[in-house]
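**Student:** Here is my input, please return the structure:
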Amino acid sequence: MPNWCEGWVKFRGTLVALKRFIECEFEQSEPFIVENELSPCIREKTTFLKSLVRTYVEYDDVSRANYEVFCNDDGIGLFIIKLNHAWNVQRQGYNELAKKYNLDIRGKCYEAGCNFVEEFEVNRCGEEVFYKVYEFNDYYWECECPTLGG
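**Tutor:** Model prediction:
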């Protein structure tokens, strides 16, 4: 069984792009848009994202992600959800996911078992904007979320 690298991942794009992402990646979701607002309507259950290698969202975290997504003056919205990745985020497939749905993706995930943090950003073209691994001398003291992952 793998260790899990857990943290919040943000997806930024038009409401139409975010809607398509949610309905295609989250099993039994029925997102809808009313005016300038997207309601994710993801069924509250533990589910793996279809396009990533081994990434899932837990039941409790789905309910927290089901809040409305509003767009800014440029028509861009932000969907945020806490995800769990097997071992790490680097090889999950975020570059392809960003291109597939025309989304910018940014996240910071924690692995308490191996004591590291990964922070990353991928633009909507699938290009890595940055990727950084943080390691610590004293993980539980220095890390801001030392109990996530593992």
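
**Student:** what's the following helix or strand after the host helix or strand of C5?
**Tutor:** Per DSSP states H and E, C5 falls inside strand 4-14. Going down the chain from strand 4-14, the next helix or strand is helix 15-25, by DSSP H and E.

**Student:** how far is the helix or strand following that following helix from where the chain is centred?
**Tutor:** Towards the C-terminus, the helix or strand next in line after helix 15-25, according to DSSP H and E, is strand 32-34. Averaging C-alpha positions (CA atoms, centre = their mean, to the nearest Å) puts strand 32-34 21 Å from its chain's average.

**Student:** show me what contacts S29?
**Tutor:** I22, E23, P40, C41, I42, R43 (CB atoms under 8 Å, 6 or more residues apart in numbering). For glycine as for every other residue, the C-beta is placed from the backbone atoms N, C-alpha and C.

**Student:** hmm, try it at 10 Å
**Tutor:** Under the criterion of CB atoms under 10 Å, 6 or more residues apart in numbering, the contact list for S29 reads K19, F21, I22, E23, P40, C41, I42, R43, T47, V62, N66.

**Student:** Other residues contacting the helix-or-strand element of the chain with minimal mean pLDDT?
**Tutor:** Using mean pLDDT, DSSP states H and E, the weakest-scoring helix or strand in the chain turns out to be helix 59-65, at a mean of 85. In this structure, residues lying in contact with helix 59-65 by CB under 10 Å, 6+ apart are 6, 8, 22, 26, 29, 40, 42-47, 57-58, 79-84.

**Student:** What about those residues, which are in strands?
**Tutor:** E6, W8, T47, V57, F79, I80, I81, K82, L83, N84 (DSSP state E).
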